[in-house]
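Undergrad: structure, please.
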Amino acid sequence: MKFKEGDKVRVRKDLKFGKRYYMDDHTAHNVAMVEMVSLAGKVVTIQCENCGGQYRVKEDKNHYSWVDEMFEDVAKHEPIVIYQKDEKTVVALDKNTGEEAKAVCSDDDEFGFYEGAKIAFSRLKRGRRLVVGDKIIANEKASNYSITKPGWIGKVIRFTESENFMIVAREKGEAEFYVRAEAFDLYDGKEQSKFKPWSAVDTEDMRRELVKFCHGRGCSDCVFCSLNCGFSSMGDDELRLAYALAKQVYKDKE
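TA: Numbers count the residues shown, from 1 in each chain. You can find the predicted model right below:
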């Protein structure tokens with residue numbers, strides 16, 4: 001096999017949902033799933049060699065089988081970069097894994113790059129993006145929550161023993177909610193859009209975002225009833241129409 005246990009490899013940036021990929025010797029093949037495509041362009045770790053003639057990936061929580069053509073090659077070691085994103089945000093980025101951590105200056109404090117750099121770097125090394133007291137915003141992984149759903153803004157009150165879950169609230173002393181830490185991001189004070197602008201997406205981006213848009217929603221009032229539902233099989237024109245409809249629906253609900 002091309003890769004061995006522990007190898008760092010980069011998932012190919014053009015990995016496409018529903019497309020079939022092969023091992024180099026064509027002894028095995030597999031189809032890329034939506035969750036696999038979400039790792040496109042990221043560096044991952046080969047966890048299992050000779051798993052039925054294919055691979056497992058440590059970062060893939062769904063334990064799908066991967067094949068050679070889904071990867072670009074063994075990733076080269078790259079540095080951690082720390083930079084100022086805007087007037088109050090410092091970011092530490094691990095270019096090997098694509099993981100990043102932020103430090104956002106409070107409106108009540110004076111911004112200091114070196115202090116922000118230390119905080120961001122410390123968070124990155126600890127593997128924890130958030131700490132107690134952080135102002136946070138719910139991302140698309142919070143779509144199953146009834147109150148703290150995508151766009152909800154609050155603060156981290158405390159973490160559970162596992163650190164995968166935390167207690168959040170609008171403000172300390174208000175109603176608290178038990179949530180998954182991965183469903184929240186550090187809030188930078190800027191408005192966040194559900195969909196990317198037209199200039200920043202291609203049809204495969206649209207397909208992935210539409211799958212996320214429909215996740216957890218019912219079909220009773222679906223805006224796509226006039227289309228051939230099933231984003232994996234839609235043609236480019238249908239995808240563009242569906243994407244435009246979804247953008248308008250989300251905008252109307254804001």
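Undergrad: just the helices in the stretch 151-254 of the chain please.
TA: Using DSSP state H, counting those that start in this stretch, the helices of the stretch 151-254 of the chain run over 203-214, 236-253.
Undergrad: worst average pLDDT in those?
TA: Note on the helices of the stretch 151-254 of the chain: helix 236-253 shows the lowest mean pLDDT, a mean of 63.
Undergrad: which residue is nearest the centroid of this protein?
TA: Centroid check for the chain by Cα atoms, centre = their mean gives Ser38 as the closest residue, at 6.8 Å.
Undergrad: what sits up against stretch 166-178?
TA: Here stretch 166-178 makes contact (Cβ atoms under 8 Å, 6 or more residues apart in numbering) with 130, 136, 145, 147-148, 153-160, 165, 179, 181, 184. Using the backbone N, CA and C atoms, a C-beta is placed for each residue, glycine as well.
Undergrad: narrow those residues to those that are buried.
TA: Buried members of these, counted by 16 or more other Cβ atoms under 10 Å: 130, 136, 145, 148, 154-157, 159, 179, 181, 184.
Undergrad: need the max-distance pair from these.
TA: Of all pairs drawn from the buried ones among the contacts of stretch 166-178, the greatest distance, 17.6 Å, lies between Tyr145 and Phe159 (Cβ to Cβ).
Undergrad: and the residue lying closest to Ala169 once chain neighbours are set aside, what's its pLDDT?
TA: Spatial nearest neighbour of Ala169, excluding adjacent residues (Cβ to Cβ, 6 or more residues apart in numbering): Glu176 at 4.7 Å. At Glu176, the predicted lDDT confidence score is 93.
Undergrad: please apply the same query to the one 5 residues further on.
TA: Per-residue confidence for Ala181 comes out at a pLDDT of 89.
Undergrad: could you list the low-pLDDT ranges of the stretch 1-150 of the chain?
TA: For the stretch 1-150 of the chain, applying pLDDT under 70 flags the ranges 49-50, 74-78, 96-97, 126-128.
Undergrad: just list what the host helix or strand of Lys118 packs against, helices and strands only.
TA: Assigned by DSSP states H and E, Lys118 falls within helix 113-126. Applying 3 or more Cβ pairs under 8 Å, 6 or more residues apart in numbering; DSSP states H and E, we find helix 113-126 packed against strand 80-86, strand 89-94, strand 100-104.
Undergrad: ok, and what's touching it?
TA: With contact meaning Cβ under 8 Å, 6+ apart, helix 113-126 is reached by 80, 82, 84, 89-94, 99-103, 105, 129-131.
Undergrad: buried stuff in that helix?
TA: Buried positions in helix 113-126, judged by neighbour count with 16+ other Cβ under 10 Å: 116-117, 119-121, 123-124.
Undergrad: give me the sheet partners of the helix or strand that that helix is followed by and which way each runs.
TA: Following helix 113-126 in sequence order, the next helix or strand is strand 135-138 (DSSP H and E). Strand 135-138 has its sheet partners listed here by DSSP bridges as strand 153-159 (antiparallel), strand 184-186 (antiparallel).
Undergrad: how close does the nearest residue to Ser38 once chain neighbours are set aside sit to Asp188?
TA: Nearest residue to Ser38 in three dimensions, chain neighbours excluded: Arg208, at 7.4 Å (Cβ to Cβ, 6+ apart). To Asp188, Arg208 is 23 Å away according to Cβ to Cβ, to the nearest Å.
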